[in-house]
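Novice: please work out how this folds:
(one chain, ligands or ions: 1)
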Amino acid sequence: MQLQFAMDTLTTEAALTLAAAAAPHVDILELGTPLIKSEGLSAITAIKQAHPDKIVFADLKTMDAGELEADIAFTAGADLVTVLGTAGDSTIAGAVTAAKRHGKGVVVDLIGVQDKPARAREAVALGADFVEMHAGLDEQAEDGFTLDTLLRDGEAAGVPFSVAGGLNESTVAAAQASGARTAVAGSAIYGAPDVAAAAAAIRAAIA
Ligand SMILES: O=C(CO)[C@H](O)[C@H](O)COP(=O)(O)O
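Specialist: The predicted model follows:
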């Protein structure tokens with residue numbers, strides 16, 4: 001199972017520090033949406049140049065202009081970009097067109113989608129590499145949030161999926177057991193006092 005580190009920070013400098021600490025333990029370095037909004041495409045280039053051996057994931061959360069937004073992120077150095085599952089099919093298809101031109105990939109983020117298994121199948125039929133079963137930071141803070149629903153949706157989808165929703169050392173094994181191809185961990189790593197140790201502990205839990 002791949003481990004993806006979501007760097008939800010606001011400066012390229014902070015992201016480079018986080019990436020340097022966690023890189024030995026993770027497969028995918030994700031530039032979180034706030035980082036890309038704060039620093040722009042240059043942050044993607046900086047992370048790819050510092051870690052050419054890692055898969056660089058730009059969490060664009062694209063909702064429109066799929067081909068254009070994906071194209072500029074791939075040109076900047078991204079290997080994977082996200083498009084929202086709530087976007088129209090043509091937006092997903094546009095991003096897939098850009099991905100094919102660059103030899104890169106598209107992930108469809110199902111944050112906020114009601115019927116995640118059904119939209120997951122549609123996204124993969126449109127050419128997405130995989131989908132992200134995702135409960136965002138706000139949803140995680142709501143009363144009654146549980147990871148179980150996400151994991152059940154992943155199992156039901158029948159297509160390749162990642163899981164993101166506050167995964168940590170204690171819960172990541174459940175994501176692996178659900179059949180997820182990738183576990184996404186953000187706050188459990190970047191919020192830890194020892195970033196390298198936190199990434200290593202999550203890796204060890206799914207080794
Ligand atoms: O995309 C995101 C929020 O929209 C986060 O990067 C994702 O949820 C992973 O972070 P965490 O493990 O803290 O949930």
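
Novice: for the ligand, what are the nearby residues on the protein?
Specialist: Near the ligand, the residues belonging to the chain are 6, 8, 32, 59, 136-137, 164-167, 184-188 when assessed by CB under 6 Å from any ligand atom. C-beta here means a position set from N, CA and C on the backbone, and glycine is covered the same way.

Novice: please check the residues you listed and keep the buried ones.
Specialist: By neighbour count, with 16 or more other CB atoms under 10 Å, the residues of the chain next to the ligand hold 6, 8, 32, 59, 164-167, 184-186, 188 as buried.

Novice: got JSON lines for those, with secondary structure and pLDDT too?
Specialist: Conversion of those to JSON lines gives the following (DSSP: H, G, I helix; E, B strand; the rest coil; pLDDT from 0 to 100):
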{"residue": "A6", "secondary structure": "strand", "pLDDT": "98"}
{"residue": "D8", "secondary structure": "coil", "pLDDT": "98"}
{"residue": "G32", "secondary structure": "coil", "pLDDT": "98"}
{"residue": "D59", "secondary structure": "strand", "pLDDT": "98"}
{"residue": "A164", "secondary structure": "strand", "pLDDT": "98"}
{"residue": "G165", "secondary structure": "coil", "pLDDT": "97"}
{"residue": "G166", "secondary structure": "coil", "pLDDT": "96"}
{"residue": "L167", "secondary structure": "coil", "pLDDT": "98"}
{"residue": "V184", "secondary structure": "strand", "pLDDT": "98"}
{"residue": "A185", "secondary structure": "strand", "pLDDT": "98"}
{"residue": "G186", "secondary structure": "coil", "pLDDT": "98"}
{"residue": "A188", "secondary structure": "helix", "pLDDT": "98"}
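
Novice: so which of those comes closest to D153?
Specialist: The nearest member of these to D153, counting by CB to CB, is G165 at 10.8 Å.

Novice: surely the closest one and A135 touch.
Specialist: Yes: shown here, G165 and A135 form a contact pair, counting by CB atoms under 8 Å, at 3.7 Å.
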